[in-house]
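> From the sequence below, what's the structure:
(chains A and B)
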Amino acid sequence: MTHDFIMKVSHLTKHYGEIIAVDDISFVVPKATVFTVLGPNGAGKTTTMEILEGIREPDGGEIVLFGQPMKRITRAAKQRMGVLLQEGGFEPHLKVREIIQLFASFFENRVSVDAILEQVALTEKAGAQVRTLSGGQRQRMAVGAALVNDPDLIFFDEPTTGLDPQARRNMWDIVSRLKAEGKSIVLTTHYMEEAEALSDSICIMDHGKIIAQGTVRELTGQLGEETLIEFRVDGILENQLSALSACCDNVRQDGGLVTLETKDLPSTMSELLQWSETQGVPFQDLRVRQPNLEDVFLTMTGRTLRE
Amino acid sequence: MKDVLALAKSHVVTALRERVTLFWFLVFPAFLLTILTLIFGQVGQEENVHFSITLINHDHAESSNLPFSATRVIEETLGSLSEARESGAQPLFTLIQPAPGSDGDAFLEQELVQIRRGNRAAVLVLPGGFDEAVLSGILDETDRSGATAKLYMSHTSVASETASSIIEQILAEIDRTILIQTGRFDETQAVAVVTDWIGQEEEETRYVDFVLPGIILMGFFTNGLFGVPGTILFNRDRKVLRRYWVTPLSVGRYLAGFGLGHLSLCVVQFALLFALGKYAFGATIQFTHPLSIIILVLAAITFMAFGFFIAALAKSANAGMAVANILNMPMMFLSGMFFPLVGLPIFMMVIVYANPVIYLLEALRQSVGVQTSTLMPFPWTFIVPLFWIALCSLVTIRRLRWDVAR
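Numbers count the residues shown, from 1 in each chain, chains lettered A, B, ... in the order given. Purely as a prediction, here's the structure:
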């Protein structure tokens, strides 16, 4: 029997003592897509990933992986998986080529070391010891180590955390290229723009549960047809904010950032300008945008992803 | 098998590139062998010990007309021992005597000062009437008073102890010879001591030959007890093991690869120390006997198993090093390496008998012919280490974790 999904997770549960880290979650990862698990710290996404990567055993639930049902990830399943861990080190005195060779030796199916080095743009650094690499180069080597077996399913756990913008963009290119090659990818990130740029489907986790699932369009569409207006102010008084709420819907304030929701942009903009003039509150960084995943999370939980 | 070999290779390569590991693995044991051999290798080597003995004979004039002169015998014996030997080797000691006609008492005072300064090992004074007293004892069977020589020596000098021992032996031998010649000594009642050196019949055991097996085992021991858990636990703390865990690699295959790499490093370490001992310090012992090779391999595996055991129990690298230190003290100090094990309290003897180091050390020295086993019969040489290997392996398989505790 063939499936159109590479992984199906049903009623997955994991406890640490009294704490429920993963609370009866279910989702499906379609083949040749990027599936993203999004959530703030402590949402349970790391534990979920560790279970799916084979690091931890679940307390309950079932995983169907490569068409095979299993209670925990088996060694045979790992032969077809590649994992880029969020936290993972390498022997600092080994060279890049030696690291790739070492990891390749763990698998039955092996891609040539030179092909891997070329894929992650580290051919010139093949003879360099790990300790001499930059953060971005080290992360690309980690990707190379995750691809040595030409895996069907690849886990990218917070792949761009701590990287500079250029290295982050390089990582996005690698993920996009792998997806184009037909690889299935499970991604975790707390960068909203990364999830929006790379994901075909997303599940948002909070307190061990999945609180929303779907494509970016489906998730942001849950907020309706509203448009958001944002601006910054140096300081705003309570009565000034009350006056603004009287003329506009759903006014939120987060520090110096004020956000309004509207279905009638021209009318709201007019009222906003008038409010600014009468209250004597000058705008800074005024912009109009569509709702994003951060807004979805905020709407559902009342908190931001980074809280 | 490819994964095991790749892990072994990576372990060896990493160790050889890491300066700290390299120091403890290769440089330190070589340094220790060099220091020990240079310092203690001189002690007990006859050709390298030299001291001065002063002989003052106050009986010269008085004994010149006597038919037998014990003082002359003593002078000639000490004189011959102080002459250069045929082989060209340096004599054991220099004999110093006062110039003819000089003031004997003044000379004695001067030589006693030299003893205090450490320039003389001993001063032997033969008093006036010494020969007469000896002769009286020979001729008169009823005279049991005998002659008395005076020996001055220093309490704080090892050379003084050696010198007094030599002089006392010479005097005792002269005494015995005189008694035999005069029929006053019943030889059937005499206790004759014949010294027989066991293990190296043809040549005396050199210090480097004695110490080299110990240094090799100490190297294996240190690397097993500290190097193995250090590497595993630091790799766990640095989350290197986590990366292995998400691959199909099993704990057993990881340990096999790591162990193979560790044993390869032990071979490198052994080769270096053996070459240093042989070519730099003239060690003559060989480790080519199958029993020597078996014991070396057994020792490397035993200490590695202890390292795995520590890695399996410790929660962090720092904790692992603390446990290693706790195990290190009794295992090293109750191995007989540093002081004799006789007379220890019973609870300490229990540790001694459970300590694999002592069995392996004695067995290795025995196999290369520098020591006989004194602790236990031969099978225990294998039984005790094998017991520890089995126990440590069992704990390791059950308790070793890839990841830090959560």
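> Just give me the neighbour total for A:D264.
A:D264: 12 surrounding residues under other C-beta atoms under 10 Å in any protein chain shown. Bear in mind the C-beta positions are built from the backbone N, C-alpha and C, glycine included.
> confidence score at it?
pLDDT for A:D264: 80.
> Repeat that for B:R406.
With respect to pLDDT, B:R406 has a value of 55.
> low-confidence ranges in the stretch 101-250 of chain A?
A:225, A:236-237, A:246-247, A:249 (pLDDT under 70).
> That one: strands as residue ranges?
Taking DSSP state E, counting those that start in this stretch as the criterion, the stretch 101-250 of chain A carries its strands at A:153-157, A:184-189, A:201-206, A:209-214, A:227-232, A:249-254.
> Those strands: which one's closest to chain B?
With respect to chain B, and counting by C-beta to the nearest C-beta, the nearest of the strands of the stretch 101-250 of chain A is strand A:153-157 at 8.0 Å.
> Let me see the mean pLDDT of stretch B:280-292.
Taken as a whole, stretch B:280-292 has an average pLDDT of 84.
> Straight-line length of it, end to end?
Stretch B:280-292 has an end-to-end distance of 22 Å (criterion: C-alpha to C-alpha, to the nearest Å).
> what comes into contact with the lengthiest strand in chain B?
What stands out as the longest strand in chain B, according to DSSP state E, is strand B:51-57. The contact list for strand B:51-57 (C-beta atoms under 8 Å, 6 or more residues apart in numbering or on different chains) reads B:71, B:74-75, B:78, B:82, B:92-98, B:104, B:107-108, B:111, B:114, B:119-126, B:130, B:159-160, B:162-163, B:166-167.
> switch the cut-off to 7 Å
Strand B:51-57 has contacts (C-beta atoms under 7 Å, 6 or more residues apart in numbering or on different chains) with B:71, B:75, B:78, B:93-98, B:104, B:107-108, B:111, B:119-126, B:159, B:163.
> Go ahead and measure how far that strand is from the middle of the chain.
In this view, strand B:51-57 has its centroid 32 Å away from the chain centroid, taken as C-alpha atoms, centre = their mean, to the nearest Å.
> before we move on, what about stretch B:169-182?
Relative to its parent chain, stretch B:169-182 has a centroid offset of 35 Å by C-alpha atoms, centre = their mean.
> pLDDT score assigned to residue 54?
The chain I'm using is chain A. pLDDT, read off for A:G54, is 90.
> wait, I meant chain B there
pLDDT for B:T54: 89.
> Residue numbers of the stretch 51-200 of chain A in contact with chain B?
By C-beta under 7 Å from any C-beta of the partner chain, the residues of the stretch 51-200 of chain A that approach chain B are A:53-55, A:75, A:78-79, A:83, A:85, A:87-91, A:93-94, A:98, A:101-103, A:105-107.
> Recalculate using a threshold of 6 Å.
A:53-55, A:75, A:78-79, A:83, A:87-89, A:91, A:93-94, A:102, A:105-106 (C-beta under 6 Å from any C-beta of the partner chain).
> Drop the exposed ones from those residues and show what's left.
A:53-55, A:78-79, A:83, A:88-89, A:91, A:93-94, A:102, A:105-106 (16 or more other C-beta atoms under 10 Å in any protein chain shown).
> got a markdown table for the residues you listed, with secondary structure too?
Converted to a markdown table, these look like this (DSSP: H, G, I helix; E, B strand; the rest coil):
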| residue | secondary structure |
| --- | --- |
| A:E53 | helix |
| A:G54 | coil |
| A:I55 | coil |
| A:K78 | helix |
| A:Q79 | coil |
| A:V83 | strand |
| A:G88 | coil |
| A:G89 | coil |
| A:E91 | coil |
| A:H93 | coil |
| A:L94 | coil |
| A:L102 | helix |
| A:S105 | coil |
| A:F106 | coil |
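> which pair in those residues spans the largest distance?
Largest separation among these by C-beta to C-beta: A:Q79 and A:H93, giving 28.4 Å.
> Who are the contact partners of B:A133?
Counting by C-beta atoms under 6 Å, 6 or more residues apart in numbering or on different chains, B:A133 makes contact with B:A147.
> what about it, which helix or strand?
For B:A133, the host element (DSSP states H and E) is helix B:130-139.
> could you dump that helix to PDB, C-alpha only?
Extracted in PDB, the C-alpha atoms of helix B:130-139 (Å, rounded to 0.1, in the frame of the first residue of the first chain):
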ATOM      1  CA  PHE B 130      94.900  -5.100  68.000                       C
ATOM      2  CA  ASP B 131      97.100  -7.900  66.400                       C
ATOM      3  CA  GLU B 132      98.300  -9.000  69.800                       C
ATOM      4  CA  ALA B 133      94.800  -9.300  71.000                       C
ATOM      5  CA  VAL B 134      93.900 -11.400  68.000                       C
ATOM      6  CA  LEU B 135      96.900 -13.600  68.400                       C
ATOM      7  CA  SER B 136      96.200 -14.100  72.000                       C
ATOM      8  CA  GLY B 137      92.800 -15.300  71.200                       C
ATOM      9  CA  ILE B 138      94.300 -17.700  68.600                       C
ATOM     10  CA  LEU B 139      97.000 -19.100  70.900                       C
END
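> buried ones in the helix or strand following that helix?
Next in sequence after helix B:130-139, counting helices and strands by DSSP H and E, comes strand B:150-153. Buried positions in strand B:150-153, judged by neighbour count with 16+ other C-beta under 10 Å: B:Y152, B:M153.
> Point out the other helices and strands that the very next helix or strand once past strand B:150-153 packs with.
Scanning forward in sequence from strand B:150-153 by DSSP H and E, the next helix or strand is helix B:158-181. Under the contact definition 3 or more C-beta pairs under 6 Å, 6 or more residues apart in numbering or on different chains; DSSP states H and E, helix B:158-181 sits against strand B:51-57, strand B:122-126.
> Make TSV from the strands of the stretch 101-250 of chain A and add mean neighbour count to it.
Shown next, in TSV, are these (neighbours: other C-beta atoms under 10 Å in any protein chain shown):
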stretch	mean neighbour count
strand A:153-157	24
strand A:184-189	24
strand A:201-206	23
strand A:209-214	17
strand A:227-232	18
strand A:249-254	12
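> for those, which one sits closest to B:A299?
Taking C-beta to C-beta as the criterion, strand A:153-157 is the member of these that comes nearest to B:A299, at 43.0 Å.
> Tell me the strands beside the closest one, with direction?
With DSSP bridges as the test, strand A:153-157 is paired with strand A:81-84 (parallel), strand A:184-189 (parallel).
> what does the first one contact?
Counting contacts by C-beta under 6 Å, 6+ apart, the residues outside strand A:81-84 that touch it are A:E53, A:A142, A:V143, A:A146, A:L147, A:P151, A:L153, A:I154, A:F155, A:F156, A:P159, B:V246.
> mind listing the helices for the stretch 201-350 of chain B?
Listed in chain order, the helices of the stretch 201-350 of chain B (DSSP state H, counting those that start in this stretch) span B:207-222, B:228-237, B:240-245, B:251-275, B:281, B:290-313, B:317-333, B:346-354.
> Please apply the same query to the stretch 51-200 of chain A.
Under DSSP H, counting those that start in this stretch, the stretch 51-200 of chain A gives helices at A:75-78, A:96-104, A:113-119, A:135-146, A:165-180, A:192-198.
> Most proximal residue of the stretch 251-400 of chain B with respect to chain A?
Using C-beta to the nearest C-beta, the single residue of the stretch 251-400 of chain B nearest to chain A is B:R253, 8.6 Å away.
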